[in-house]
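**Q** Dropping the sequence and predicted coords here.
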Amino acid sequence: MKRILFLTTVFIVFQCISFEVSAQYFIGTHSVKNKQSGKFLDVKGGSTAPGTFIWQFELNYSVAQQFSIVTRADYEGYAIKPRIPNNNEMFLTWTMKDPVFVPPSAQAFAGSNSSDIKIVQDIWYNIPLPSESTGPQISIQRRHQVWKITPSENEQDTHFIEAMGFSNRRVLASSDNNSGTLLELVDFSGDDNQKWIITKIPPPGAANLKVEEFYWESGFLWWGRWGDKIKGTLTWDDISDNEAGFKLYITRHGAHSGTSEPIHIPANREKYTFSLPSKHGKDQEHCFKVSAYNNWGTNFHASRACAVASERDGPPPPPPTDPDGINKVLVYNCHNDRQAINVWLVDLTSGNTWVKKGTLASQWVNGTCPVGQPLQIILEGNHDYYIMANDCDDNPNSPANSCNVLEPFFLQGSDDPDQTYDVIISGS
């Protein structure tokens with residue numbers, strides 16, 4: 001005898017712009033890219049030595065291209081600090097080439113040519129104002145190591161980095177488009193080689209995270225016992241435009257302090273619905289954190305949300321498909337998107353492990369399906385099984401499984417070769 005079952009897949013999905021620069025804007029770590037050259041502010045060779053040149057270099061995602069921008073309210077500006085570890089608190093500094101002495105006032109530098117100046121990292125200067133100075137009382141720090149950062153009008157994240165203490169306006173600039181070119185301080189013109197795109201790294205990512213419709217559900221799991229799941233929906237505001245994706249971390253109150261392996265969520269999302277196995281979900285507080293990431297790294301300072309799951313009854317264990325059992329299962333692939341499928345089987349009587357039984361190409365031909373030979377699976381008598389299919393290669397037990405999945409269904413084995421069952425995979 002022959003029976004036909006049609007199955008349909010269920011898809012399980014496991015800036016307002018402101019140009020006013022504020023201290024809040026620069027919290028965190030940043031990359032600094034020249035608009036014209038496309039090269040990044042970079043500590044030469046990743047050195048920790050004072051006096052090392054800071055030049056422009058092609059993007060390499062190294063720590064030598066990461067900077068903290070520290071507010072110096074006492075000097076009405078910012079100090080720019082390389083993030084290289086153990087670098088004794090170095091700061092972006094302009095200094096004279098081969099100086100003989102430190103001039104006593106800012107006026108001494110007013111007429112300096114850009115060729116007389118070099119851009120380096122150096123320790124924070126701690127030199128008092130000279131008592132014999134006749135010029136304006138501008139400290140050595142403010143003159144050399146504090147910068148005014150001003151936005152370029154109508155250009156997001158784009159700024160001029162201006163040195164303090166000159167009588168004329170001098171800004172940091174690139175002289176060409178090559179990697180390894182030393183930087184200059186030049187008279188302000190507003191050209192693109194004087195503009196710097198300051199981007200927060202890693203991306204700021206998710207904000208205002210919320211847990212909605214969060215509940216614990218008991219149900220019959222595919223390995224043949226009663227179990228439970230946590231289900232719910234997370235929503236957040238995506239406040240970044242440069243993430244490669246998000247990582248979802250879940251911790252449970254009273255569990256190990258470390259987080260589990262993250263679930264990966266595609267970029268530019270603000271919602272994620274989950275259904276995950278949980279042995280201890282009932283009456284337990286779960287905390288969720290959605291962290292944005294890109295090649296610079298992962299932002300672990302994302303907001304998080306916690307909630308206790310409400311309880312709901314899940315579906316009862318499914319009855320056997322046929323009281324006489326099934327000996328031969330014939331699987332056909334009529335996936336609506338014409339994708340290949342992977343077919344999985346777990347023997348609940350012996351093994352309790354999902355086993356991949358094969359991959360089946362689409363069997364659509366000229367608008368007709370199925371066309372071609374099925375994937376054949378033989379079941380043992382008096383054994384209970386679950387069978388399922390998906391259109392990616394994730395193991396069904398993986399909580400990060402985010403492809404199209406056929407919910408598992410129950411089969412009972414038979415030794416009677418006449419007991420045949422056709423399974424036609426459809427949906428998308």
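**A** Cool, the structure landed.
**Q** buried ones in the helix or strand where residue 286 lies?
**A** If you go by DSSP states H and E, residue 286 is part of strand 285-294. For strand 285-294, the buried set under the neighbour-count rule, 16 or more other Cβ atoms under 10 Å, comprises 286, 287, 288, 289, 290, 291, 292, 293, 294. From N, CA and C alone the C-beta is placed, and that goes for glycine too.
**Q** again with stretch 61-71
**A** Applying 16+ other Cβ under 10 Å to stretch 61-71 flags 63, 64, 65, 66, 67, 68, 69, 71 as buried.
**Q** What is the most widely separated pair among those residues?
**A** The span of those, defined through Cβ to Cβ, is set by 64 and 71 at 23.0 Å.
**Q** Touching, residue 232 and residue 272? I think so.
**A** No: with contact defined as Cβ atoms under 8 Å, residue 232 does not count as touching residue 272 (9.4 Å).
**Q** how about the most centrally placed residue in the chain, what does it touch?
**A** By Cα atoms, centre = their mean, the mean C-alpha position of the chain lies nearest to residue 293, the distance being 2.1 Å. For residue 293, the contact set (Cβ atoms under 8 Å, 6 or more residues apart in numbering) comprises 202, 203, 205, 243, 244, 245, 246, 247, 299.
**Q** picking that back up, quick one: distance of the strand holding residue 286 to the chain centre.
**A** When distances are taken as Cα atoms, centre = their mean, to the nearest Å, strand 285-294 is centred 10 Å away from the chain's centroid.
**Q** C-terminal to it, what's the next element?
**A** Where DSSP H and E defines the elements, the next helix or strand beyond strand 285-294 is strand 297-298.
**Q** so the closest residue in space to residue 326 that isn't next to it in sequence bridges to which residues?
**A** Using Cβ to Cβ, 6 or more residues apart in numbering and skipping residues adjacent in sequence, the residue nearest residue 326 is residue 421, 4.5 Å away. Beta-bridge partners for residue 421, by DSSP bridges, are residue 3, residue 329.
**Q** Please confirm that residue 166 is located within a helix.
**A** No: counting by DSSP: H, G, I helix; E, B strand; the rest coil, residue 166 is not part of a helix but coil.
**Q** Look up how far residue 417 lies from it.
**A** Relative to residue 417, residue 166 is positioned 93 Å away (Cβ to Cβ, to the nearest Å).
**Q** about what we covered before: so which of the buried residues of stretch 61-71 sit within strands?
**A** 67, 68, 69, 71 (DSSP state E).
**Q** With pLDDT and distance to residue 193 as extra columns, can I get the residues you listed in JSON lines?
**A** Below are these laid out as JSON lines (pLDDT from 0 to 100; distance: Cβ to Cβ, whole Å):
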{"residue": "67", "pLDDT": "94", "distance to residue 193": "19"}
{"residue": "68", "pLDDT": "92", "distance to residue 193": "24"}
{"residue": "69", "pLDDT": "91", "distance to residue 193": "21"}
{"residue": "71", "pLDDT": "86", "distance to residue 193": "26"}
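**Q** Specify the beta-bridge partners of residue 79.
**A** Here residue 79, judged by DSSP bridges, has bridge partners residue 70.
**Q** wait, isn't it in contact with residue 92?
**A** Yes: using Cβ under 8 Å, residue 79 is in contact with residue 92, at 7.5 Å.
**Q** Quick check: next helix or strand after the helix or strand bottoming out on mean pLDDT in the chain?
**A** Least confident helix or strand, the chain: strand 10-11 with a mean of 30, by mean pLDDT, DSSP states H and E. Sequence order places strand 29-34 as the next helix or strand after strand 10-11, per DSSP H and E.
**Q** gap between whichever helix or strand comes after that following strand and the chain center?
**A** Scanning forward in sequence from strand 29-34 by DSSP H and E, the next helix or strand is strand 40-43. Mean-position distance between strand 40-43 and its chain equals 23 Å (Cα atoms, centre = their mean).
**Q** Report all helices and strands that strand 40-43 contacts.
**A** Secondary-structure packing of strand 40-43 (3 or more Cβ pairs under 8 Å, 6 or more residues apart in numbering; DSSP states H and E): strand 29-34, strand 54-57.
**Q** which non-adjacent residue is nearest residue 210?
**A** Going by Cβ to Cβ, 6+ apart, residue 210 has residue 235 as its nearest residue, at 5.1 Å.
**Q** Looks to me like that neighbour is in a strand.
**A** Yes: counting by three-state DSSP, residue 235 is located in a strand.
**Q** from what I can see it touches residue 207, true?
**A** No: contact criterion Cβ under 8 Å: residue 235 and residue 207 do not qualify, at 11.0 Å.
**Q** And those two? Which one has more around it.
**A** Legend: neighbour count by other Cβ atoms under 10 Å for residue 235 and residue 207, higher for residue 235 (17 against 14).
**Q** Report the beta-bridge partners for that one.
**A** Applying DSSP bridges, one finds that residue 235 bridges with residue 210, residue 271.
**Q** any idea how far it lies from residue 299?
**A** As judged by Cβ to Cβ, residue 235 and residue 299 stand 18 Å apart.
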